[in-house]
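Novice: here is my input, please return the structure:
(chains A and B, ligands or ions: 2)
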Amino acid sequence: MRPFVYRRATDAQGAVATFEAAPHAMYLGGGTNLVDLMRLGVASPDLLVDVTGLPYDQVEETPGGGLRIGAAVRNSDLAADAAVRRSYPVLSQALLAGASGQLRNLATVGGNLLQRTRCPYFQDVSKPCNKRDPGSGCPAREGEHHNLAIFGHSASCVATHPSDMAVAMAALGAVVHVEGPGGPRRIGMPGLHRLPGDTPERDTVLEPGELIVAVELPALPYAARSRYRKVRERASFAFAVVAVAAALDVADGVVRDCRVALGGVAHVPWRAELLETTLRGAPATRESFVVAAEAEFAQARPLRDNAYKVPLARNVIVGVLEELL
Amino acid sequence: MNRVEGVAKVTGQARYAYEYPVEGVCHAVAVQADIPRGEIIRVDAREALALPGVLAVLSCEGAPELADTSDYELALFQSRTVAYRGQIVAAVVAETLEIARQAQRLIKVTYRPGEFDVRLTGTHPGLYRPDKVNPAYPTDTGQGDVEAAMAAADSSVDVTYTTPALHNNPMEPHATLALWEDGDLTLYDSIQGVSTGRDSVAKVFGLPPEQVRVHAPHVGGGFGAKGSPRPNAILAAMCARAIRRPVKLAVTRQQMFSFTGYRTPTIQRVRLAADAGGLLTAVAHDVVEQTSRVTEFAEQTAIATRIMYGAPNRGTSHRLARLDVPTPSWMRAPGECPGMYALESAMDELAIECGLDPIELRIRNDPATAPESGKPFSSRNLVACLRAGAERFGWDGRDPRPGIRREGRWLVGTGVAASTYPVYRSPCRATARVGPDGRYTVAVAATDIGTGARTTLTLIAAAALGVPVERVTAEIGDSALPPAPVAGGSMGTGSWGSAVVLACRALRRALDEHAGAVPDTGIEAYGDTAEELAGQQDFARHAFGAQFAEVRVDTGTGEVRVSRLLGVFAAGRIINPKTARSQFIGGMTMGLGMALMEESVMDHEFGDYLNHDFAQYHVPTIADIRDIDAVWIEEDDAHLNPMGSKGIGEIGIVGTAAAIGNAVHHATGRRVRDLPIRIDRLVG
Ligand SMILES: Cc1cc2nc3c(=O)[nH]c(=O)nc-3n(C[C@H](O)[C@H](O)[C@H](O)COP(=O)(O)OP(=O)(O)OC[C@H]3O[C@@H](n4cnc5c(N)ncnc54)[C@H](O)[C@@H]3O)c2cc1C
Ligand code: SF4
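Specialist: Numbering: from 1, shown residues only, chains lettered A, B, ... in the order given. Ligands and ions are numbered 1, 2, ... in the order given. Have a look, this model is predicted:
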């Protein structure tokens, strides 16, 4: 671990300004991911700007009928929020499926979105990894990848994004509010995270110094019936092998609208757009769900050891949609 | 009885090795090789040494000499060889842990890398036959003609099971605090045996054992990984000697995946043949496993097969491949645990072939005497365990057809397997003392690694003395006490307790001689079991058990949940039911981990165990353990020790994985022969 300077910011402008003044600054949320990575030598900032003291610790209803979630809201508080549980149960369930109680008490919304991949090579500085050390190679491609991506990976990186929360937010079409050196901007999800391409070192579209201040959930009445289902290698406290966030709007036996996003399958929370398109207007039956899921997985490109994720994710999607009927 | 140190533990008063406050203590951190094989060309420590607060860097460059280098893993810096990735190649000592860790990354080691081989296969060209398997069993055994019996059998199975490398991962990582004073060395070490630990450390430093003292009053688990001093003990002592100040060293969780030991992966072929009546005509168990290039460690995987079931034609064998890997070591029930997984899974397969209930198959083949040696059993209650378990679990009327019980998205199945573990005992000494205040103290260099040993010894002493437990204190965890064997091989209580009983009996005699009056100086008496052990009759001494599992398998995802787990054990007299139950269910929980999730993944490109932390190496969580229970059968065995007890620390993990695997087959009709039974092995 390298020595570093620690500062607490009290407002967004101050945080951005402090960040800009150091060559290798990083924002610090709950620290549950960043501090681990610093210990491992994967991250070595010279300045930490603690943003948990910023006034972004509320969940508020928006005039449009949605919710605005402060970036410093703790994962456990967000999961327990009455409005979230009522209007967006998928989000509450996703949060509760993640990590452990202790970790959720510390983890923030901003930090959760920006947590880094759990690819084993990324976390081990004695090995090459394009994401950590651009150009050094991607040993996961030929090595251990049974838990890595089946969609959207590239020759340079096959990692997955590990967050559960982000999968629910991608399904809900959340909008991320950002402050930064270039002023404020809004980024629609799933567009915050990016596919690896040949620059896997960049997880998201954020520019250096950009600070997440809030996440807005648009009104989506049918999301009151929504679900998160996570498959993992033990009953709790493990990252997703595959996860599905889904909401379904059915009228007269026909799917009017739907939202489906997948976790554990790509470098981003994977919004199943092909599936959604196929399903809209189709009869709300198991058969339609299977057809729509098959359409999505036609574009999957599993690696040597992770083809099992294709039938697994398909089964979970069909199961979750059936439960939502 | 509750643990005597329970309050101290939950209030944080109980000190573990790393926690002793010492004036002027410094911190050491190990630097590890990042190649699996080769020679060290140079260790450049200049940058590290320039960092304020860094006191020393130790490596093969000008290394402090060690008197004995016969144990490669302990002979730190004595050569330029790298024998496995993760081997300790240097260490930094600094005023603070933070500085030491910063300096750790500044040390530059250059290597001449060599070709390496870390891949164990059943057909590895380097497979060889070791002279013996641990601790001193014959490598191969055989009688009759297995091939002919297989050919002539009414039913048979010929199947290969594999188990991955597993890391012990006790809750408390290895840690040492080392202090030198006038040439004498004191260690506070997280270790399973203080007497044997002291002797090993003394040997490495060329000191008479009296000049070394090892304290381990509390140890946060070991499961075999702390059965002997690990490199941390030697390294802390070397660093302390180099800087002439006390030094602390805590092994990180990640480092525990490279230099504190693990269970070898195994490839096991089991052949079983039976006649029309379900009587075994052949039992053969052939094992392939790994050892390191530097030290031979031959896990005794097939030895349980030598005593489990009768059959006229039989054979067992062990073959090793020397790989560029860390030396495997003991992990809870070494040998029996992986071996019984294969044997007991194959027995399930045979039961299906024979059309017999798997309990019935085992009962029919329960031998009257130990099958290979012909020795009588001191007691053998496997059948009683199977019957009692069947009753309690509700086995009767089980429909053997696989894949037909559905509850919603779950397929449900049940499975059974047998457990066994040998009864070992080693010579031990103890003292018993009474003071004028009527308080008794028994002293023995035992260690309580979280098992409840201190409590059990208190109970044993109170019973032998005929006094209430409140008047007895057990002093343990210090090598200055009468020498004792390790807390390992499930022989701790049996060995230590025997010596304590002898000492207590001697004290009672002495008290009688004083007509009950205790002089101001107190009375002390002594016990030594060496003679009694040498005179033991020749019996086959083993504990047995039966494990039952009910599993649910999600048909869409392949997720397996163990909804019920029951163990029934016959392990002599149970001295303290409360801590005994914890030992059994703890072992079973670990067995569940082995069945479903534990797996150290060897990275073939880089040559190390890749998933080296708790976010990646999964052990069971509370949510994975639903309904778990362990009970026992009263067993009266006069051929064991004065307490009539068998060891209970390890048997709980033996058989669990087979019971679960058998239940998964019953639920789904799919026989997964490679552990762990992961999602990707069941889905689709
Ligand atoms: C053992 C373990 C198991 C876990 N299991 C799961 C799991 O099952 N599912 C799951 O989803 N997660 C899991 N997690 C991850 C956990 O959810 C994340 O560590 C946590 O959400 C990160 O939040 P934080 O506030 O602690 O972020 P930090 O660690 O503080 O920061 C993470 C990153 O975000 C940046 N950052 C923080 N806040 C902001 C902001 N406002 N604006 C811009 N950048 C910011 C930091 O610079 C850093 O790069 C697990 C973690 C651990 C340690
Ligand atoms: S998959 Fe990505 S994160 Fe993993 S080793 Fe390859 S480049 Fe690194």
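Novice: secondary structure class for residue B:187?
Specialist: strand (DSSP: H, G, I helix; E, B strand; the rest coil).
Novice: surely it and residue B:201 touch.
Specialist: Yes - the pair residue B:187 / residue B:201 is scored as a contact, 6.6 Å apart, by Cβ atoms under 8 Å. C-betas here are computed from N, CA, C, even on glycine.
Novice: pull up the overlap in contacts between the two.
Specialist: Taking Cβ atoms under 8 Å, 6 or more residues apart in numbering or on different chains as the contact rule, residue B:187 and residue B:201 both touch B:212, B:214, B:233, B:237.
Novice: nearest spatial neighbour of whatever residue of the stretch 51-200 of chain A ends up closest to ligand 1, chain-adjacent residues omitted?
Specialist: Relative to ligand 1, the nearest point of the stretch 51-200 of chain A is residue A:111 (2.0 Å; Cβ to the nearest ligand atom). The shortest distance from residue A:111 to any non-neighbouring residue, by Cβ to Cβ, 6 or more residues apart in numbering or on different chains, is to residue A:29 (2.9 Å).
Novice: how many other residues sit next to residue B:673?
Specialist: 18 (other Cβ atoms under 10 Å in any protein chain shown).
Novice: report the secondary structure state of residue B:55.
Specialist: strand.
Novice: and it, what does it touch?
Specialist: Here residue B:55 is in contact with B:26, B:93-95, B:243, B:245 (Cβ under 8 Å, 6+ apart).
Novice: go on, residue B:421?
Specialist: B:333, B:336, B:490, B:542-543, B:646-647, B:650-651, B:654.
Novice: mean pLDDT per helix and strand in chain B: which one sits at the bottom?
Specialist: helix B:530-534 (a mean of 94; mean pLDDT, DSSP states H and E).
Novice: how far away is the residue of the stretch 401-550 of chain B found nearest ligand 2 from chain A?
Specialist: The nearest approach of the stretch 401-550 of chain B to ligand 2 comes at residue B:409, 32.1 Å away (Cβ to the nearest ligand atom). Per Cβ to the nearest Cβ, to the nearest Å, residue B:409 is found 7 Å from chain A.
Novice: right, and that residue touches residue B:556 too?
Specialist: Yes - taking Cβ under 8 Å as the definition, residue B:409 is a contact partner of residue B:556 at 6.1 Å.
Novice: more neighbours: which of these two?
Specialist: Per other Cβ under 10 Å, whichever of residue B:409 and residue B:556 has more neighbours is residue B:556, with 20 against 16.
Novice: check what pLDDT that one gets.
Specialist: If you check residue B:556, the pLDDT there is 94.
Novice: again, but for residue A:259
Specialist: At residue A:259, the pLDDT recorded in the model is 98.
Novice: for residue B:516, same thing?
Specialist: Confidence for residue B:516, expressed as pLDDT, is 80.
Novice: can you classify it by secondary structure?
Specialist: Assignment for residue B:516 (three-state DSSP): coil.
Novice: what's the burial count for it?
Specialist: Counted with other Cβ under 10 Å, residue B:516 comes out at 7.
Novice: over to residue B:241?
Specialist: 17.
Novice: returning to that earlier point: now do the shared contacts for residue B:409 and residue B:556.
Specialist: residue A:319.
Novice: dump the contacts of residue B:55 to JSON lines, plus distance to residue A:133.
Specialist: As requested, the contacts of residue B:55 are exported to JSON lines (distance: Cβ to Cβ, whole Å):
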{"residue": "B:26", "distance to residue A:133": "33"}
{"residue": "B:93", "distance to residue A:133": "29"}
{"residue": "B:94", "distance to residue A:133": "27"}
{"residue": "B:95", "distance to residue A:133": "31"}
{"residue": "B:243", "distance to residue A:133": "35"}
{"residue": "B:245", "distance to residue A:133": "37"}
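Novice: could you turn the buried ones of those into a ChimeraX selection?
Specialist: In ChimeraX syntax, the buried subset of the contacts of residue B:55 is picked out as below (16 or more other Cβ atoms under 10 Å in any protein chain shown):
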select /B:26,93,94,95,243,245
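Novice: tell me which two of the contacts of residue B:55 sit farthest apart.
Specialist: Spanning the widest gap among the contacts of residue B:55 are B:94 and B:245, at 11.1 Å by Cβ to Cβ.
Novice: is it correct that the residue of the stretch 51-200 of chain A closest to ligand 1 falls within a strand?
Specialist: No - if the criterion is three-state DSSP, then residue A:111 is helix and not within a strand.
Novice: who's in contact with it?
Specialist: A:29-34.
Novice: so which of those is the most crowded?
Specialist: Most surrounded of these: other Cβ under 10 Å gives residue A:29, at 25 neighbours.
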